[in-house]
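Student: structure, please.
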Amino acid sequence: METWRSERALPFIRHSRIVARAVRLRRVKEQTRNSSILIIIKLIHTATWLCLVTCIVAIPIAAHFGQFRTAAILSGVVLAECLVLAVNRCRCPLTNLAAPYTEERADNFDIYLPLRLAKYNKIIFGSLFVAAEIFLLVEWMAH
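Tutor: Numbering: from 1, shown residues only. Take a look at the predicted model:
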């Protein structure tokens, strides 16, 4: 009698295992999709950051060589980013875009930067930008 019951339960057990496996597979696919999207967002964010840092570093170089129009364009690019940050309550819009794809909330969860650099990014590069602008102004007035 006991054998008969276990034989009847066998299809149900197989079906349960198949369903459980399908659910696990769906979760893995979703996690893979989410991590792929997060990687793309992090790459875009890092490339954008690198362009802005390049602009900040290039401002005093352009000013030193008398390329004031180039320095003004670079300053405009950085100021446009500052405006975007100001409108978005001092957060990059890419941070908000990346948030649904991970539970992590470290300062560098949305960008490929070391944690400390990501944490103090605005202070470090904001100060460098102000210094670059002061240098630009001094060079322009001396010209």
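Student: low-confidence ranges, this protein, go.
Tutor: Within the chain, the stretches with pLDDT under 70 are 1-16.
Student: go with 80
Tutor: The chain contains residues with pLDDT under 80 at 1-32.
Student: in it, which helix is the longest?
Tutor: Longest helix in the chain, counting residues (DSSP state H): helix 2-64.
Student: helices or strands next to it in the packing?
Tutor: With contacts defined as 3 or more CB pairs under 8 Å, 6 or more residues apart in numbering; DSSP states H and E, helix 2-64 has these neighbours: helix 68-87, helix 93-98, helix 121-142. Using the backbone N, CA and C atoms, a C-beta is placed for each residue, glycine as well.
Student: redo those as TSV? Include distance to Ala106 and mean neighbour count.
Tutor: Shown next, in TSV, are the helices and strands packed on helix 2-64 (distance: least, CB to CB, whole Å; neighbours: other CB atoms under 10 Å):
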stretch	distance to Ala106	mean neighbour count
helix 68-87	19	15
helix 93-98	12	16
helix 121-142	13	15
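Student: tell me who's in contact with Cys92.
Tutor: By CB atoms under 8 Å, 6 or more residues apart in numbering, the contact set of Cys92 is His45, Val84, Leu85, Asp110.
Student: and it, its phi and psi?
Tutor: phi -70, psi 140 (degrees, to the nearest 10).
Student: from Gly76, how far out is it?
Tutor: To Gly76, Cys92 is 19 Å away according to CB to CB, to the nearest Å.
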